[in-house]
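[1] Need a 3D model of the following:
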Amino acid sequence: MQNSFHIDMLDRRILALLIADARTPFVEVARKCKVSGAAVHQRVARLSESGVISGSQFKLSPKALGYMTCAFIGIQVNLTSTSTHNEVFEKIKEIPEIVECHHISGKYSLLIKIYTLNNEHLKRIIVEKIQSIPEITFTETFISLEAGFERELPVI
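    Residues are numbered from 1 along each chain as shown. The predicted model follows:
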């Protein structure tokens, strides 16, 4: 279902400023947008209520925390039933190094993003935690050499 919520130019400007730094005080956003602080507060509340934005969070640096390897792993699941797929998903969710899990179409059932301390740590997670799940029939690992870019979606 398509969202019928209308985002105008002021909403776009407010979102751009908050995406750049979510800790920017609303008073500062209001000054830059040439509107009142109350207007910014009301707009952000409306954007939150509509589901356009949700929460705010700090972005951690994996490398600063010691996670030097980023990889993507395609996982093929023996899909004898939907409960099998859900069981595998729940087991994958328990591995803290896995930061994203996508249900995908094509050759794989799941695509995960994982951060590990190094390649040896990655190998241990793959062998001991992922491939040890009986319903998983095949994995393929793609080690990221470098993130070319990351960005938020454009506000349309």
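
[2] host element of residue 101?
    Assigned by DSSP states H and E, residue 101 belongs to strand 98-103.

[3] Same check on residue 23?
    Using DSSP H and E, residue 23 sits in no helix or strand.

[4] And for residue 120?
    For residue 120, the host element (DSSP H and E) is helix 119-124.

[5] Averaged pLDDT, the very next helix or strand once past that helix. What do you get?
    As assigned by DSSP H and E, the chain's next helix or strand after helix 119-124 is strand 136-144. Averaged across strand 136-144, pLDDT comes to 96.

[6] now the angle from the helix-or-strand element of the chain with minimal mean pLDDT to strand 136-144?
    Within the chain, confidence by mean pLDDT, DSSP states H and E is lowest for helix 82-93 among all helices and strands, at a mean of 87. Counting by axes from the mean of the first three to the mean of the last three C-alpha atoms, to 10 degrees, helix 82-93 lies at 40 degrees to strand 136-144.

[7] Can you tell me what sits against helix 82-93?
    Taking contacts as C-beta atoms under 8 Å, 6 or more residues apart in numbering, the residues outside helix 82-93 that touch it are 75, 77-79, 98, 101, 103, 109-110, 112, 130, 133, 135-136. Where C-beta positions appear, they are placed from N, C-alpha and C, glycine not excepted.
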